[in-house]
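K.L.:
sharing a model prediction with you, sequence too.
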Amino acid sequence: MDEYAIAEESQADTSWKLRTLLIGGVIGALTGLGAAYLLTRRAEQKGETLTMTSGQGLKIGMLVAGLLRSIVTLGED
C-alpha cells in the first residue's frame, strides 16, 4: 500500500467515527432536553417546583446505565 491509500483509509475510518459521535451527541442532547421539558411541564401542571430526591436520581442513573449496557451489547448476537 502506498502512503496515499493509507491516508485515505485512515480518513474514512475517522469519518464514520466522527459521524457516529456527532449523531449520538445530538440524540443524547435532544433526549435530555425532552426529558427536562416533560419534568418541568409536569411540575408546572401540579403547581409545584421541580424537586428530585436522591432516590429518584439513583433510579434515573440506573435506568441510563441499563440503557447504555443494552446499547453496548447490540452487536453481540
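P.N.:
Structure's in. What do you need? None of the values given here were measured: they were computed from a predicted structure.

K.L.:
tell me which element the residue nearest the centre of the chain falls in.
P.N.:
Nearest to the mean C-alpha position of the chain, by Cα atoms, centre = their mean, lies Gly28 at 3.4 Å. Taking DSSP states H and E as the criterion, Gly28 maps to helix 3-46.

K.L.:
any idea of the mean pLDDT in the next helix-or-strand element following that helix?
P.N.:
Next helix or strand after helix 3-46 toward the C-terminus (DSSP H and E): helix 54-72. Across helix 54-72, pLDDT averages out at 94.

K.L.:
what helices or strands is helix 54-72 leaning on?
P.N.:
With contacts taken as 3 or more Cβ pairs under 8 Å, 6 or more residues apart in numbering; DSSP states H and E, helix 54-72 sits against no other helix or strand. The C-beta positions use only the backbone N, C-alpha and C, and glycine is treated the same way.

K.L.:
for it, output the C-alpha coordinates as PDB.
P.N.:
Provided in PDB are the C-alpha atoms of helix 54-72 (Å, rounded to 0.1, in the frame of the first residue of the first chain):
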ATOM      1  CA  SER A  54     -31.500  11.200  45.800                       C
ATOM      2  CA  GLY A  55     -33.500   8.000  45.400                       C
ATOM      3  CA  GLN A  56     -35.100   9.400  42.200                       C
ATOM      4  CA  GLY A  57     -31.700  10.400  40.900                       C
ATOM      5  CA  LEU A  58     -30.300   7.000  41.600                       C
ATOM      6  CA  LYS A  59     -33.300   5.400  39.800                       C
ATOM      7  CA  ILE A  60     -32.700   7.500  36.700                       C
ATOM      8  CA  GLY A  61     -28.900   6.700  36.900                       C
ATOM      9  CA  MET A  62     -29.600   3.000  37.000                       C
ATOM     10  CA  LEU A  63     -32.000   3.300  34.100                       C
ATOM     11  CA  VAL A  64     -29.400   5.200  32.000                       C
ATOM     12  CA  ALA A  65     -26.800   2.600  32.900                       C
ATOM     13  CA  GLY A  66     -29.100  -0.200  31.800                       C
ATOM     14  CA  LEU A  67     -29.800   1.600  28.500                       C
ATOM     15  CA  LEU A  68     -26.100   2.100  27.800                       C
ATOM     16  CA  ARG A  69     -25.400  -1.600  28.700                       C
ATOM     17  CA  SER A  70     -28.100  -2.600  26.200                       C
ATOM     18  CA  ILE A  71     -26.600  -0.400  23.500                       C
ATOM     19  CA  VAL A  72     -23.100  -1.800  24.000                       C
END
